[in-house]
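[1] sequence first, predicted model second:
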Amino acid sequence: MGEKRRIIFHVDMDYFFAAVEEREHPEFRGKPIIVGADPKGGKGRGVVSTCNYEARKFGVRSGMPISRAWKLCPHAVYLPVNYDLYMRVSERIMTILRRYADRFESWGIDEAFMDVSSRVRDYAEAEALARRIKKEILEREGLTCSIGIGPNKLVAKIASDFQKPDGLTMVNPEDVEKFLEPLPVRKLLWVGRKTEEKLKAMGITTIGDLARCDPTLLVEKFGTMGKQLYLMAHGIDKSDVEERGKIKSISRNKTFEVDTEDLSVIFETLENLAKDVHGDLLAHSLLFKTVTVKVRYEDFETHTHSKTLAFFTNRFEDLTRTSKEILQVNIRADKKIRLIGVKISNLVSAEKQSTLV
Ligand code: DCP
Ligand code: CA
Ligand code: CA
């Protein structure tokens, strides 16, 4: 028997932090706006959170060192990250979206999946619904978003990214493979830089290349993930839109004011980051199982190391001890450190604790 036909939306806000700032400061409209660390006349440390499309024309991107952004675009408007404000806007947008969905899954601060299968009869109606949602967000919040429509989350997510900003891309089930074929493999969920490199070495650069690949070869090279890659390349994704805004991870990073090799400073900073992460964990009533420590050295070489515990926990002691152990074992003595970060993942609700431990 055939699968139940589904119609899934993925909604992603355009240049979100910078768009909110643009809305709050109409006087900056039309200018390049960069939200992130203080550039301090080019000497600033830390990174760009995001920027508007005017700034992107100069090559500025999310995650880039703020000093590099300054070189590319010194005349931009530089603004600090006002996270509380973006959070409030995000919550209002999620409330709007939730009303239109049978099932709703927020996926980070500025995007969400919606299963609208019972709300529309066909793809033509789905398109009309997407236009209505875009109009409502624009009228109520003064912000644009891009929406992807497809038969599953994978395709919807790739489609929302296809025409940005203010995009609407619909991929009918029969067009899925044709749509994916020319796109780079990196567009697939879970394909990071490492997998991309490995695939490239095998002569695979587009999703089409991957789809034509022998699945047994992929399993040989990538284990169970190989099968997943093969299915994704054919646009197959059975995962459900999961109710409630599930948090995938909680993290904090700190860029030191000056690169340091002072272990007492480094470990104290690690402890402070762990404190913040732990605060968020409790606020969301969650338990964690995996701890990841990120270290960026003075030459920007960056390493992440993870440890998964045998149990779910919300004890601060488990978090600090594990992150310190990870750092202890992996830290390099021959280089100064520029940034460290702590992340917890593998999160579950603390309310279900008794059934899990
Ligand atoms: N963000 C961040 N640091 C990053 C990436 C993102 O702080 N390295 C924040 C700022 C973004 C928000 O998360 O506004 C959403 O991230 P997106 O990847 O969706 O990027 P944008 O919404 O900024 O731009 P786009 O229009 O490409 O979606
Ligand atoms: Ca976005
Ligand atoms: Ca996003």
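    Nice, I can see it. Ligands and ions are numbered 1, 2, ... in the order given.

[2] do you know the pLDDT at the residue nearest to the spatial centre of the chain?
    Nearest to the mean C-alpha position of the chain, counting by CA atoms, centre = their mean, stands Gly108 at 6.5 Å. Per-residue pLDDT puts Gly108 at 83.

[3] please apply the same query to Ile326.
    On the pLDDT scale, Ile326 gets 97.

[4] thought Ile8 was touching Pro151?
    Yes - counting by CB atoms under 8 Å, a contact exists between Ile8 and Pro151, whose distance comes to 6.8 Å. To be clear about C-beta, it is placed using only N, CA and C from the backbone, and glycine gets the same treatment.

[5] and these two? which has more neighbours close in?
    Ile8 (28 against 22; other CB atoms under 10 Å).

[6] and the closest residue to the more buried one other than its chain neighbours, how many residues sit next to it?
    With CB to CB, 6 or more residues apart in numbering as the criterion, Ile8 has its nearest non-adjacent residue at 4.4 Å, and that residue is Ala156. Neighbourhood size, Ala156 [other CB under 10 Å]: 27.

[7] state the next helix or strand along the chain beyond the one helix or strand Ala156 maps to.
    Following DSSP states H and E, one finds Ala156 within helix 153-160. Using DSSP H and E, the helix or strand that follows helix 153-160 in sequence is strand 168-170.

[8] that following strand: partners in the sheet, and parallel or antiparallel?
    Partner strands and pairing direction for strand 168-170 (DSSP bridges) are strand 145-150 (parallel).

[9] gap between the partner strand and the chain center?
    Centre-to-centre, strand 145-150 and its host chain are 16 Å apart (CA atoms, centre = their mean, to the nearest Å).

[10] and the contacts of it?
    Contacting residues not belonging to strand 145-150 are listed as 7-14, 93, 123, 126-127, 130, 133-134, 137, 155-171, 173, 176, 235 [CB atoms under 8 Å, 6 or more residues apart in numbering].

[11] is that strand positioned near ligand 2?
    No - for strand 145-150, no contact with ligand 2 is found by CB under 5 Å from the ion; the gap never falls below 7.6 Å.

[12] sorry, back to before: contacts with ligand 1 among the contacts of strand 145-150, please.
    Among these, the residues within reach of ligand 1 (CB under 6 Å from any ligand atom) are Asp12, Met13, Asp14, Lys164, Pro165.

[13] now for the third one, how many residues are close by?
    Looking back up the chat, that one is Asp14. Per other CB under 10 Å, the neighbour tally for Asp14 reads 17.

[14] again with the fourth one
    Residues lying near Lys164 (other CB under 10 Å) number 15.

[15] nearest residue to Phe316 other than its sequence neighbours?
    Per CB to CB, 6+ apart, closest to Phe316 is His278, 4.9 Å.

[16] for that neighbour, give me its contacts.
    Asn314, Phe316, Leu319.

[17] can you list the buried residues in stretch 221-232?
    For stretch 221-232, burial by neighbour count (16 or more other CB atoms under 10 Å) applies to Lys221, Phe222, Gly226, Gln228, Leu229, Tyr230, Met232.

[18] tell me the mean pLDDT over stretch 215-232?
    Stretch 215-232 comes out at a mean pLDDT of 94.

[19] His234 contacts Ala211, correct?
    Yes - in this structure, His234 is within contact of Ala211 by CB under 8 Å, at 5.4 Å.

[20] which one of these two has more residues nearby?
    Under the criterion of other CB under 10 Å, the comparison of His234 against Ala211 puts Ala211 first, with 19 against 14.

[21] surely the more buried one meets Phe179?
    No - at 11.7 Å, Ala211 and Phe179 do not qualify as touching, with contact defined as CB under 8 Å.

[22] next structured bit after the strand or helix carrying Arg92?
    Assigning secondary structure by DSSP H and E places Arg92 in helix 83-98. Next in sequence after helix 83-98, counting helices and strands by DSSP H and E, comes strand 103-106.
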